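J.: give the three-dimensional model of this entry:
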Amino acid sequence: MGWTADDVPDQYGRTIAITGANSGIGLEATRELARNGATVIMACRSTERGEEAANDVRGDIPDADLRVEECDLGDLDSVRAFADRLGDEPIDVLINNAGVMAIPRSETEDGFETQFGVNHLGHFALTGLLLENLHLNEEPDSRIVTVSSGVHERGRIDFDDLQSEVSYDKWGAYAQSKLANVLFAYELERRLLTADAHAKSMAVHPGYANTQLQFRGPEQSGSRLRKAAMKVTNTVLAQSAEMGALPTLYAATATDAEGGAYYGPGGFQNMRGTPERQASSDRSYDEETARRLWRVSSELTGVTYDLPEPKEEVPA
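T.: Predicted coordinates for the structure are as follows:
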């Protein structure tokens, strides 16, 4: 039997911030982290839905230490306001979990294509703004966990049309944003290593988990047929949100989780099962693309990181 929620170590005294904590994988991760004693900062676009989710967790865990904070990743002013409210409060783990999937083209408050803006740029900005909270120069290691998707394997970073203004394919845009998540996680790990920081950056994917994420596309496009088909597919093929949260929980808490790693379900076609270390796509290991994406992301968001660039390896 593999690693399960029963294996989450004691989290008392640790503070963990997680985006999109009000539903799906974020909610189940919040539940297990709170069950094991963590203080969880639930960063949610809607504080009303966040409070409903927090009350749901408290129904299972009456002494859960939860705090709901507004953080709309599609609005950089909201992201900055969230970071400002935290002030210099220390955080042990940041889980970049929130996301949107395969929706009709729209734009964030800052004019970014929504999937790229929310899934990648919002988290890029949030992580940079919380670097000091993560106390990179102190032991024990802090962690940044970025939730991607197996769909990242289909992704390409199109620097000539990053916001899909010329051509938009909802699944192509989603795949690009999820590839950006993995590229970001790996580049952040390289920069942390270069800085000799006490921190780890990891990417994870949940496999195919039954959450509300799959329904947002059909709902926004008004397709009842697609929504009904998704319900059937989820029922037949998907694992539970509780199982889908395991890679996130493993990366956030397991003593042997490694920086620069990619974790996902180890069962059928990596869509279900308990977490294991896996290889991500070949494109996700392209350091030149990662560095370029980092520079562009910093320019678009106005957020810079107080971390040195990794040294380029000199061929022997």
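
J.: for the protein, what spans make up the strands?
T.: For the chain, the strands defined by DSSP state E occupy 15-19, 39-44, 65-70, 93-96, 142-147, 199-204, 262-265, 275-277.

J.: off-centre distance for the second one?
T.: I take that to be strand 39-44. Relative to its chain's centre, strand 39-44 lies at 14 Å (Cα atoms, centre = their mean, to the nearest Å).

J.: quick one, that strand and strand 15-19 angle?
T.: Computed by axes from the mean of the first three to the mean of the last three Cα atoms, to 10 degrees, the angle separating strand 39-44 from strand 15-19 equals 20 degrees.

J.: what is the end-to-end distance of stretch 19-26?
T.: Start-to-end span of stretch 19-26 (Cα to Cα, to the nearest Å) is 7 Å.

J.: hmm, who's touching it?
T.: The contact list for stretch 19-26 (Cβ atoms under 8 Å, 6 or more residues apart in numbering) reads 18, 27, 29-30, 40, 42-46, 49-50, 52-53, 71, 73, 95-99, 123, 126, 147, 206, 209, 211-213, 241, 244-245, 248. C-betas here are computed from N, CA, C, even on glycine.

J.: put together CSV for the strands of the chain, with mean neighbour count, mean pLDDT and distance to residue 175 on each row.
T.: Shown next, in CSV, are the strands of the chain (neighbours: other Cβ atoms under 10 Å; pLDDT from 0 to 100; distance: least, Cβ to Cβ, whole Å):
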stretch, mean neighbour count, mean pLDDT, distance to residue 175
strand 15-19, 25, 98, 20
strand 39-44, 26, 98, 25
strand 65-70, 18, 98, 29
strand 93-96, 28, 98, 17
strand 142-147, 27, 98, 15
strand 199-204, 27, 98, 15
strand 262-265, 25, 97, 16
strand 275-277, 19, 97, 22
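
J.: can I get the ones you listed in TSV including distance to residue 287?
T.: As requested, the strands of the chain are exported to TSV (distance: least, Cβ to Cβ, whole Å):
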stretch	distance to residue 287
strand 15-19	26
strand 39-44	30
strand 65-70	34
strand 93-96	20
strand 142-147	17
strand 199-204	14
strand 262-265	15
strand 275-277	20
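
J.: just checking, what's the longest helix in the protein?
T.: Secondary structure of the chain read by DSSP state H shows that its longest helix is helix 170-194.

J.: buried subset of the contacts of stretch 19-26?
T.: 18, 27, 29-30, 40, 42-45, 49-50, 53, 71, 73, 95-99, 123, 126, 147, 206, 209, 211, 213, 241, 244-245, 248 (16 or more other Cβ atoms under 10 Å).
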